[in-house]
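Participant: Generate coordinates for the sequence data below:
(2 chains)
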Amino acid sequence: ETGVTQTPRHLVMGMTNKKSLKCEQHLGHNAMYWYKQSAKKPLELMFVYNFKEQTENNSVPSRFSPECPNSSHLFLHLHTLQPEDSALYLCASSQTGTGANVLTFGAGSRLTVL
Amino acid sequence: RKEVEQDPGPFNVPEGATVAFNCTYSNSASQSFFWYRQDCRKEPKLLMSVYSSGNEDGRFTAQLNRASQYISLLIRDSKLSDSATYLCVVARSSNTGKLIFGQGTTLQVKP
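Facilitator: Sure, this is the predicted structure:
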C-alpha cells in the first residue's frame, strides 16, 4: 500500500453508537491531520499531530476523540454523534518543518449519522 | 467573514478556453499559499504553490498579490480533464501544516 489509506470508506451510525475511523500513511511523514468536509463548506482542520503528539485541537467537540499511537497511524473515535456531524472526514499527512504545508490526503471516510 | 473567500461558480467553459479564478484572504500575516484540486467525490490534491513572483506549471499560472491579499489561478487551453473544484489554500505559518481552505471554485469544461 502506498500513500494515505483510510478505512472505512463509508460508515452509517446511529447517535448512540461508538465507531472509529482509521488512517494509515506509508510516506514516512511525521505529521498527521484530521479534516472535516461538510456539504457546501470549506474543509475544516480538526486535529494536528506531530511525532504522535497532538499540537492542535481546533475547538472540536469531545464526542470526537483522536488517537495517534505512532507517526504512521491515526484514529478518530466517534461516540454519541449528532446528525450534523455527517460529513466526509479526511486524513492527511505531511513532513514536518518546511514541508509541513504540502499535505497528502487519504480518500476520506464518508460518515452518515442517523 | 470567511478567512479565505472564493467564488463557488460553477464556471462553465468550452474546451480550449482560458479561465481565471480569484481568491482573497483576510489574515495579512498569512505566510504560504497554494491551489489544491479536488475531483468529484475524491480527496484534495496539491496543484501548485503560489509565490509572490508568480509561478507557472505548464498551462497553469498562479499569482499572489500580498498588498491586496489576493491570489489567482489562470488555466490556459482548458481540457475536459481540468473539470474539478479548485481550492484556494492559505497557511498562517510556513511550517505547521495548519491550512485554511476556501470553499472552492467549480470548473466544468465542456466539449
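
Participant: Pull the contacting residues for the nearest residue to B:D7 once chain neighbours are set aside.
Facilitator: Distances taken as CB to CB, 6 or more residues apart in numbering or on different chains put B:T105 closest to B:D7, at 5.8 Å, once the chain neighbours are dropped. For the C-beta atoms, the positions are set from N, CA and C on the backbone; glycine is no exception. With contacts taken as CB atoms under 8 Å, 6 or more residues apart in numbering or on different chains, B:T105 has the following neighbours: B:Q6, B:D7, B:P8, B:G9, B:F11, B:F21, B:C23, B:T85, B:Y86, B:C88.

Participant: Please name the bridge partners of B:T105.
Facilitator: The bridge-partner assignment for B:T105, based on DSSP bridges, gives B:Y86.

Participant: Could you check how far it is from A:G99?
Facilitator: For B:T105, the distance to A:G99 (CB to CB, to the nearest Å) stands at 26 Å.

Participant: just B:Q38 next, same as before
Facilitator: Relative to A:G99, B:Q38 is positioned 21 Å away (criterion: CB to CB).

Participant: more crowded one of these two?
Facilitator: Set side by side, B:Q38 and A:G99 show more neighbours around B:Q38, with 21 against 14, by other CB atoms under 10 Å in any protein chain shown.

Participant: residues touching the more buried one, list them.
Facilitator: B:P44, B:K45, B:A84, B:T85, B:Y86, B:L87, B:G104.

Participant: what's the answer for A:C91, then?
Facilitator: A:C91 sits in contact with A:4, A:6, A:21, A:23, A:25, A:32-35, A:74, A:76, A:105-106, A:108, where contact means CB under 8 Å, 6+ apart.

Participant: quick one: what helix or strand has the residue lying closest to it once chain neighbours are set aside in it?
Facilitator: Once flanking residues are discounted, A:C91 sits nearest to A:C23: 3.4 Å by CB to CB, 6+ apart. Here A:C23, judged by DSSP states H and E, is contained in strand A:18-25.
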